[in-house]
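Chemist: sequence below, structure please.
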Amino acid sequence: MILDNGAKVLISHRRLFELDHGRYFVGVIEDYDAGVARVGGHTWMRDGYRGEFKRKDGERTKLIALASGTVIVYILPTSTRLESLVIEQDGTNVFVRDGHGFEMDVTEGVLRGGDAARARAAG
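Modeler: This is a model prediction of the structure:
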């Protein structure tokens with residue numbers, strides 16, 4: 001099986017338009033069958049006014065169609081502490097951190113007006 005029950009995952013919703021904000025879902029696989037995963041966890045959205053990522057209140061269960069082409073699923077290490085996870089923007093980069101040693105760069109490759117590699121090299 002490609003996704004095991006109990007696996008911790010970070011689901012990144014692909015930005016479809018230039019001005020779309022990053023959206024993430026972090027949780028645990030409850031079941032997986034035929035390309036569809038049932039995941040329990042929390043939604044994270046970027047606050048357009050403050051520019052920071054916020055976890056929405058209340059746990060949710062989502063059905064994620066992996067073959068849809070609109071999500072990227074990252075399998076997180078089993079040691080990742082989901083309860084202390086934060087998503088932070090540092091300049092043009094976006095990081096997922098748990099405060100206990102886990103860190104993942106989930107920066108998208110294209111920025112408004114240019115690409116991330118060029119922006120990092122110039123700055």
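
Chemist: what residues are up against Val26?
Modeler: Lys8, Val9, Leu10, Ile11, Gly41, His42, Trp44, Leu76, Leu82, Leu85, Val96 (CB atoms under 8 Å, 6 or more residues apart in numbering). All C-beta atoms are positioned from the backbone trio N, CA, C, and that covers glycine.

Chemist: could you say which helix or strand holds the last one?
Modeler: Here Val96 is covered by strand 93-97, with elements defined by DSSP states H and E.

Chemist: cool, and the fourth one?
Modeler: Secondary-structure element containing Ile11, defined by DSSP H and E: strand 8-13.

Chemist: partner strands of that strand and their direction?
Modeler: strand 23-33 (antiparallel), strand 71-75 (antiparallel) (DSSP bridges).

Chemist: what does stretch 28-44 rub up against?
Modeler: Residues from elsewhere that reach stretch 28-44 (CB under 8 Å, 6+ apart): 1-9, 11, 23-27, 53-56, 58-67, 73, 82, 87.

Chemist: quick revisit: ok, the strand holding Val96: who's next to it in the sheet?
Modeler: Strand 93-97 has these strand partners (DSSP bridges): strand 86-90 (antiparallel), strand 103-105 (antiparallel).

Chemist: now the shortest one: buried residues?
Modeler: Neighbour counts over strand 103-105 (16 or more other CB atoms under 10 Å) mark Met104 as buried.

Chemist: distance from that strand to the middle of the chain?
Modeler: Averaging C-alpha positions (CA atoms, centre = their mean, to the nearest Å) puts strand 103-105 10 Å from its chain's average.

Chemist: before we move on, the earlier item: turn the strands paired with strand 8-13 into a markdown table, including distance to Gly48 and mean pLDDT.
Modeler: Formatted as a markdown table, the strands paired with strand 8-13 follow (distance: least, CB to CB, whole Å; pLDDT from 0 to 100):
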| stretch | distance to Gly48 | mean pLDDT |
| --- | --- | --- |
| strand 23-33 | 12 | 94 |
| strand 71-75 | 21 | 92 |
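
Chemist: nearest to Gly91, of those?
Modeler: Across the strands paired with strand 8-13, Gly91 has its closest neighbour in strand 23-33 (18.5 Å, CB to CB).
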